[in-house]
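Undergrad: Sequence and predicted model, in that order:
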Amino acid sequence: MRTETTSGPTTTSEEIERIVTGLPKVSLHCHLLGSIQAQTVVELAAKHGVDLAGHTAETLYDHASYEDLGEFLRVLDVVGSVVRDRDDLHRVTYESLTEGGAAHRVLYREIQISPPGHGNVPYPHLIEGITAGMRDAQTDTGIDSRVVVGLCREDTPAAALELVETVIAHRTEEVIGIGLDYAEVKGPPVQFAPAYARAAEAGLQRTAHSETGPPQHIEVLLDELGCSRIDHGYHVVDDPEITARCVQERVPFICTPVSSDIGRYSGSGDGSHRRIRQMVEAGLVVAIDSDDPPMFGTDPTHDYRALAHALGFGLDQLGTFTLNAVEASWLEEADKAALRRRALEEIEALRGPEPRPQT
């Protein structure tokens, strides 16, 4: 099988596999709870005596059922209920960054965490366990990481503001920003403006999910919440004026092909990824990540693989996704420059030697 690339030449399946497995990746949209392997959930449930209603590691994650966001969030809450102490947090963070990160050539990740999803774990204990796992993962594999704290839009705006105040009160260098997750229909973004304003005062970066809402929500995220990037954001292409604005302002959109296709946000659930194609063709700044990898039957490599096969993207476009993610990251400029240099070197290495002229 040969796949057309955006630059003209064709790319074989074998070449695609070589590219996507070797491609350096920068991860800006991966949820900690959603990145826990099913076997780990089963083991932690046994540790804490949590009943998984007869589910095994093989049946816990029903990928196809997550077309229903409510069902996905229900399972996510079950996963959160088994992560209860420092050792649990260390383990799931470490595994996510090593087996689910560095093993797929992820150089850097901004981990999205959802404190409300962890039940009664106090925020300081949550951060302590997570950062311990981050540091050990970096020591063992070299992967660098930071934390983005998600506000639950299904909670009240007052609860969101309270969480921001908690983050500020217990600020660590690993925590660099906030996000907004859970069902968009239950929590339109404008009502969280006070929480975002407080985060801005404290120097925290801001992003937010926008996967099902109208394109006008993108403007709210930019103008009312002060977001510097958008998680998902596929419906931006439904409004030409908002699309043009985002192209001009180079607003980064962090897309998650496999999970969003299952959820029917970026296409029709048929693997077409049509909205991501439209976003790229419109000139928007797009980066790629894997969202909740094991829960959707994917991983950081497979999301790139899916786009390469479905949309015909070769090394030039796939490498651009990585470089876009570097630019959209919230690293300090010196660290960002170093990450960019490393990513560029590894992308260029994938091109291999120049072909010899025919004689």
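TA: All right, it came through fine. Numbers count the residues shown, from 1 in each chain.

Undergrad: which other helices and strands contact the longest helix along the chain?
TA: Residue-count comparison of every helix in the chain, with assignments taken from DSSP state H, identifies helix 123-141 as the longest. Under the contact definition 3 or more CB pairs under 8 Å, 6 or more residues apart in numbering; DSSP states H and E, helix 123-141 sits against helix 86-98, strand 106-113, strand 144-152, helix 157-169. Any C-beta I mention is one placed from the backbone N, CA and C, and that applies to glycine too.

Undergrad: residues in contact with the closest residue to R274 other than its chain neighbours?
TA: When the adjacent residues along the chain are set aside, R274 lies closest to G267, with 4.8 Å between them (CB to CB, 6 or more residues apart in numbering). Residues touching G267, when contacts are defined by CB atoms under 8 Å, 6 or more residues apart in numbering, comprise 260-261, 273-276.

Undergrad: Have a look at the chain and report the helix or strand with the lowest mean pLDDT.
TA: Taking mean pLDDT, DSSP states H and E as the measure, the chain has strand 2-4 as its least confident helix or strand, at a mean of 40.

Undergrad: Quick check: mean pLDDT of the host helix or strand of E15?
TA: E15 belongs to helix 13-22 when assigned by DSSP states H and E. Here helix 13-22 scores 96 as its mean pLDDT.

Undergrad: who touches the following helix or strand past it?
TA: Next helix or strand after helix 13-22 toward the C-terminus (DSSP H and E): strand 25-31. Outside of strand 25-31, the residues that reach it under the criterion CB under 8 Å, 6+ apart are 96, 100-101, 104-114, 150, 181, 229, 231-232, 254-256, 287-293, 300-301, 304, 322, 325-326, 328-329, 339, 343.

Undergrad: again, but for stretch 52-69
TA: 37-39, 41-42, 45, 71-72, 75, 78, 183, 212, 259, 262-264, 269, 294-297.

Undergrad: which of these are buried?
TA: Among the contacts of stretch 52-69, the ones that count as buried by 16 or more other CB atoms under 10 Å are 37-38, 41-42, 45, 72, 75, 78, 183, 212, 259, 262-263, 294-296.

Undergrad: Among those residues, name the ones in helices.
TA: Secondary structure assignment (DSSP H) places 38, 41-42, 45, 72, 75, 78, 259, 262 from these within helices.

Undergrad: Including distance to R84, could those go into CSV?
TA: Conversion of these to CSV gives the following (distance: CB to CB, whole Å):
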residue, distance to R84
A38, 18
V41, 12
V42, 15
A45, 10
F72, 22
V75, 17
V78, 13
S259, 26
I262, 29
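
Undergrad: tell me the least confident of the residues you listed?
TA: F72 (86).

Undergrad: shouldn't it be in contact with D291?
TA: No - F72 lies out of contact with D291 (CB atoms under 8 Å); the separation is 10.3 Å.

Undergrad: Where do the strands of the stretch 201-350 of the chain begin and end?
TA: With DSSP state E, counting those that start in this stretch applied, the stretch 201-350 of the chain shows strands at 205-206, 209-210, 230-232, 252-255, 285-288, listed in chain order.

Undergrad: CSV please, covering those and showing mean neighbour count.
TA: Conversion of the strands of the stretch 201-350 of the chain to CSV gives the following (neighbours: other CB atoms under 10 Å):
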stretch, mean neighbour count
strand 205-206, 20
strand 209-210, 26
strand 230-232, 26
strand 252-255, 26
strand 285-288, 24
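
Undergrad: looking at those, which is closest to H118?
TA: With CB to CB as the measure, strand 209-210 is the member of the strands of the stretch 201-350 of the chain nearest H118 (18.4 Å).

Undergrad: Show me what that closest one is packed against.
TA: Other elements packing on strand 209-210 under the criterion 3+ CB pairs under 8 Å, 6+ apart are strand 175-181, helix 216-223, strand 230-232.

Undergrad: hey, which of those is tucked in deepest?
TA: By mean neighbour count, with neighbours taken as mean count of other CB atoms under 10 Å, strand 230-232 ranks first of the helices and strands packed on strand 209-210 at a mean of 26.

Undergrad: What strands line up against it, and which way round?
TA: Each strand that pairs with strand 230-232, with its direction, by DSSP bridges: strand 209-210 (parallel), strand 252-255 (parallel).

Undergrad: Just put those strands in a markdown table and tack on mean pLDDT.
TA: Shown next, in a markdown table, are the strands paired with strand 230-232 (pLDDT from 0 to 100):
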| stretch | mean pLDDT |
| --- | --- |
| strand 209-210 | 96 |
| strand 252-255 | 98 |
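
Undergrad: Model confidence for the residue most central in space within the chain, exactly?
TA: Centroid-nearest residue in the chain: H29, 1.3 Å away (criterion: CA atoms, centre = their mean). H29 is assigned a pLDDT of 98 by the prediction.

Undergrad: and if you look at P357?
TA: 47.

Undergrad: do the same with S266
TA: Residue-level confidence at S266 comes out at 79, pLDDT.
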